[in-house]
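A.B. asks: Model the structure of this input:
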Amino acid sequence: MAFQAGVWTQAPSNCTRSYALSFRRCAEYGTQALLQCVSWAVKTAKTCVQWAWQTTQQCISWGQTTSQSCADWATQTSQKCCDWWPCSWLCDIVMVIITVVCLLWQIVVTVVCLVWGVVVSLVCLVFAIVVTVVCLVFAIIVWIVCLVWSIIEIIFCISRANGGTMFLLTDGTVLVQECQSIFGASWATRRWWKLTPGANGEYANGTWSPIANSNVGRRYFGSAVLADGKVLVCGGEYTDASGTTTQDWNNSCEIYDPVINSWSTVPTPKDSAGNDWTQIGDPACTVLPDGTFLIGAPNSNNIANFDPAALSWTAMSGYVVSSSNEDSWVLMPDNTVVAPSCNSPPQTCIYDIATDNWTLGNNLPTSIVSSPGSEVGPGLLLYDGTGFFIGANQNTATYSAAATPQWANGVALPSQNNQNIGIMDGPGVLLVNGNVLFGAAPIDNKGGFLSPTFYFEFDGKTHNRTSDPPTSNCPTYVTRLLLLPNGDTLFCREDDSAFFLYRPNSAVPADALRPVIQNVPSPINAGSTIQVSGLQFNGLSQAVAYGDDSQAATNYPLVRITNTGTGHVRYCRTSNHTTVDAAGNTVTSMGVATGASVITTSVEIPRDLEAGDSTIEVVANGIPSKAVNVKIISDRSKGG
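C.D. replies: Numbers count the residues shown, from 1 in each chain. Next comes the predicted model:
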């Protein structure tokens, strides 16, 4: 059957009805203009002062040189003078006079030069002050205009939050970081938003609401949704930890708890000597099958593991090459993590989780890493058990533990408009039909981040050109993709406020890919917490990837209850996904392709859930189980 492109539809924009926030966003134009203007004025004044004192030093040096030349000439002249008295006496007097004149000349020149330096420096400083005052006046005017303009923005829904890194929470809502873009510069804010699906479970009819601000505004950072439903974020290539957004490769971490709507800081990773990492930045990272979080340092071969229960880090064995910077890690079903090395291409890395041991795989025949830049695109585990990596230089790579060799090059990306394309950082998702959705942009082999971005569905053999979101005229790194539990993919940009949903033409998954419910109670009391168990609750892949800048895997179970009478859909918060290991111990389950292992998850049933006949489904990576009939008893009816 010939490939048919999917369809993009408009998702709800995050329209702000808060006057304070609308004013703050509007006022940022004045603030950023002021900061950039003052920065330019200070830089210009500094350059001006440096030039003034450089020319002053040159002037003084010239005075010293001419004075010395004058004195030397006087000495040479006196030596040629007559040696009989009184002629010799007159020569000595003339030499002394000339020497004094030369010295006075040097003093006068030095004073004049110093006055020049002082005057020019004062002019430079006055210039900087005048420019700063003008900038401040401009900013104040902008702020005053914003007082009125913010009202207009609210009326006409003009003030909208840009997109950013997105996470699928275990209650079906989407957590989105707000980024901001002004005068061509983008940065991350501390503001976060939640998109709640509509009454029928559709995100196209969802609603936005603000949540608590994070402690640090981060851009390009390590992240994960944990088995307890919390969100961990670490590092940031750019953060506002210093008060203004700078490229600081931040080393802090924090956790968001959606139940209490609060962010709390957690310790910084430590090396084997017990020292805090100096940098985290935009790290390679992944959640391991036991629910712990593995992360690599960008400036060394340090690797650390975070235990969400103990809120502590453990130093692990070092990376097999000098660093994991820019690498895209993929969790495999055989309890390994694999990645092509961006730091030492075409080498490849394989991590045995059980033995905490990194080894080198066979070299790729052709590197998939950009040069210069050392960038790469997303890596994803396909449903056939193959690791698939999209390169930044039109090449792709595959990994299969059973193959010989294990690492090979995959199908190269097709050129567009006679230009080679690749992903210099950017997202990809594994759709419910088994295809990989991704966007790739032109490459220039100079490390540039080019646009536009062209979208494809890769079916394992062919990169099928599909439709593009309306705002795809951008480089890949500013985009984000998130797989939703209804099978759609949410698209956003960090420098744009439009959100779009992609639905593939073939959105019906094969039954073999579905979770299987084996045990669920019925009736179910609203307001209670139940246990649901079955197979493949973690899905067959982490399904969502970006590379090193924005990890948002979705390999955990969501529970969807649909009222048979009204058709209304509710997602119920899940947490503490567990299984029983070979030793009979109950352990956290955050692996992939878990096969015959029975997974159990805790499900919080909302108190206001509609009573009556309903169906319940477990969803993993957008793929639902077969529906099971249940009866919901309202919280009020429990009391009789």
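A.B. asks: need the contact list for the residue most central in space within the chain.
C.D. replies: Nearest to the mean C-alpha position of the chain, by C-alpha atoms, centre = their mean, lies residue 220 at 2.4 Å. By C-beta atoms under 8 Å, 6 or more residues apart in numbering, the contact set of residue 220 is 236-238, 281-282, 548-550. (Each C-beta comes from the backbone N, C-alpha and C, glycine too.)
A.B. asks: and the closest residue in space to residue 319 that isn't next to it in sequence, helix, strand or coil?
C.D. replies: Nearest non-adjacent residue to residue 319, counting by C-beta to C-beta, 6 or more residues apart in numbering: residue 301, 4.0 Å away. Using DSSP: H, G, I helix; E, B strand; the rest coil, the structure places residue 301 in coil.
A.B. asks: Dihedrals phi and psi, residue 301?
C.D. replies: For residue 301, the backbone dihedrals (degrees, to the nearest 10) come out as phi -90, psi 20.
A.B. asks: isn't it right next to residue 321, touching?
C.D. replies: Yes: contact criterion C-beta atoms under 8 Å: residue 301 and residue 321 qualify, at 7.1 Å.
A.B. asks: Residue 12: how many residues sit nearby?
C.D. replies: 15 (other C-beta atoms under 10 Å).
A.B. asks: I figured it hits residue 209, correct?
C.D. replies: No: between residue 12 and residue 209 there is no contact under C-beta under 8 Å: 11.6 Å.
A.B. asks: excluding its backbone neighbours, what's nearest residue 351?
C.D. replies: In space, residue 351 is closest to residue 337, 4.2 Å off (C-beta to C-beta, 6+ apart).
A.B. asks: in terms of contact, does that neighbour touch residue 330 like I think?
C.D. replies: Yes: counting by C-beta under 8 Å, residue 337 does reach residue 330; the two are 6.8 Å apart.
A.B. asks: what do those two both touch?
C.D. replies: With C-beta under 8 Å, 6+ apart, residue 337 and residue 330 have common neighbours residue 286.
A.B. asks: So between those two, which is more surrounded?
C.D. replies: Comparing residue 337 with residue 330 by other C-beta under 10 Å, the one with more neighbours is residue 330, at 25 against 21.
A.B. asks: who's in contact with the more buried one?
C.D. replies: 286, 337-339, 379-381, 387, 389, 399, 542, 545.
A.B. asks: mind running it again at 6 Å?
C.D. replies: 338, 379, 381, 387 (C-beta atoms under 6 Å, 6 or more residues apart in numbering).
A.B. asks: List only buried entries from those.
C.D. replies: 338, 379, 381, 387 (16 or more other C-beta atoms under 10 Å).
A.B. asks: Can you tell me the closest non-neighbouring residue to the third one?
C.D. replies: Pointing back at residue 381 there. In space, residue 381 is closest to residue 541, 4.1 Å off (C-beta to C-beta, 6+ apart).
A.B. asks: Is the one you found in a helix, a strand, or coil?
C.D. replies: Quick answer, by three-state DSSP: residue 541 is coil.
A.B. asks: let's have the chain start at 312 instead
C.D. replies: All set: I'll call the first residue 312, so the last point we hit is now residue 852.
A.B. asks: How many residues are close by it?
C.D. replies: 31.
A.B. asks: Tell me if I'm right that it and residue 689 touch.
C.D. replies: No: between residue 852 and residue 689 there is no contact under C-beta atoms under 6 Å: 11.7 Å.
A.B. asks: Distance of the residue nearest to residue 662 relative to residue 673?
C.D. replies: 17 Å (C-beta to C-beta, to the nearest Å).
A.B. asks: Any regions of the protein where pLDDT drops low?
C.D. replies: For the chain, the stretches with pLDDT under 70 are 389-391, 393-400, 818, 947-951.
A.B. asks: any idea how far residue 333 is from residue 668?
C.D. replies: 54 Å.
A.B. asks: which of these two has more neighbours?
C.D. replies: residue 333 (22 against 13).
A.B. asks: Residue 365: which element?
C.D. replies: Using DSSP states H and E, residue 365 sits within helix 330-390.
A.B. asks: ok, the closest residue to residue 805 other than its chain neighbours - how many residues close by?
C.D. replies: Nearest non-adjacent residue to residue 805, counting by C-beta to C-beta, 6+ apart: residue 490, 3.9 Å away. The tally of other residues near residue 490 (other C-beta under 10 Å) stands at 25.
A.B. asks: Tell me the strands beside the helix or strand harbouring residue 490, with direction?
C.D. replies: For residue 490, the host element (DSSP H and E) is strand 485-493. Its sheet considered, strand 485-493 pairs with strand 477-479 (antiparallel), strand 496-507 (antiparallel) by DSSP bridges.
A.B. asks: Which one, of those strands, ends up nearest to residue 446?
C.D. replies: Of all the strands paired with strand 485-493, strand 496-507 sits nearest to residue 446, with 16.2 Å by C-beta to C-beta.
A.B. asks: Kindly export the closest one (C-alpha atoms) in PDB.
C.D. replies: Presented in PDB, the C-alpha positions along strand 496-507 are these (Å, rounded to 0.1, in the frame of the first residue of the first chain):
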ATOM      1  CA  ALA A 496      17.200  35.900  20.900                       C
ATOM      2  CA  SER A 497      15.400  33.000  22.600                       C
ATOM      3  CA  TRP A 498      15.600  31.900  26.200                       C
ATOM      4  CA  ALA A 499      13.800  29.700  28.700                       C
ATOM      5  CA  THR A 500      11.600  31.200  31.400                       C
ATOM      6  CA  ARG A 501      10.800  29.700  34.800                       C
ATOM      7  CA  ARG A 502       7.100  29.500  33.700                       C
ATOM      8  CA  TRP A 503       5.500  26.100  33.100                       C
ATOM      9  CA  TRP A 504       2.000  25.300  31.700                       C
ATOM     10  CA  LYS A 505      -0.300  22.300  31.700                       C
ATOM     11  CA  LEU A 506      -2.500  21.200  28.800                       C
ATOM     12  CA  THR A 507      -5.500  19.200  29.900                       C
END
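A.B. asks: just the angle between it and helix 330-390, please?
C.D. replies: 160 degrees (axes from the mean of the first three to the mean of the last three C-alpha atoms, to 10 degrees).
A.B. asks: Within the sheet, what are the partner strands of the helix or strand just after strand 496-507, with directions?
C.D. replies: Using DSSP H and E, the helix or strand that directly follows strand 496-507 along the chain is strand 518-521. Under the criterion DSSP bridges, strand 518-521 sits next to strand 496-507 (antiparallel) in its sheet.
A.B. asks: Just the residues contacting the partner strand, thanks.
C.D. replies: Taking C-beta under 6 Å, 6+ apart as the rule, strand 496-507 contacts 325, 472, 484-491, 517-522, 524-525, 528-530, 556, 805-806.
A.B. asks: Buried residues, that strand. List them.
C.D. replies: 497-506.
A.B. asks: same question, stretch 896-905
C.D. replies: Buried-residue list, stretch 896-905, by 16+ other C-beta under 10 Å: 899-905.
A.B. asks: doesn't residue 870 fall inside a strand?
C.D. replies: Yes: assessed by three-state DSSP, residue 870 belongs to a strand.
A.B. asks: So what's the residue count around the residue nearest to residue 519 when sequence neighbours are not counted?
C.D. replies: Spatial nearest neighbour of residue 519, excluding adjacent residues (C-beta to C-beta, 6+ apart): residue 325 at 4.5 Å. Residues lying near residue 325 (other C-beta under 10 Å) number 24.
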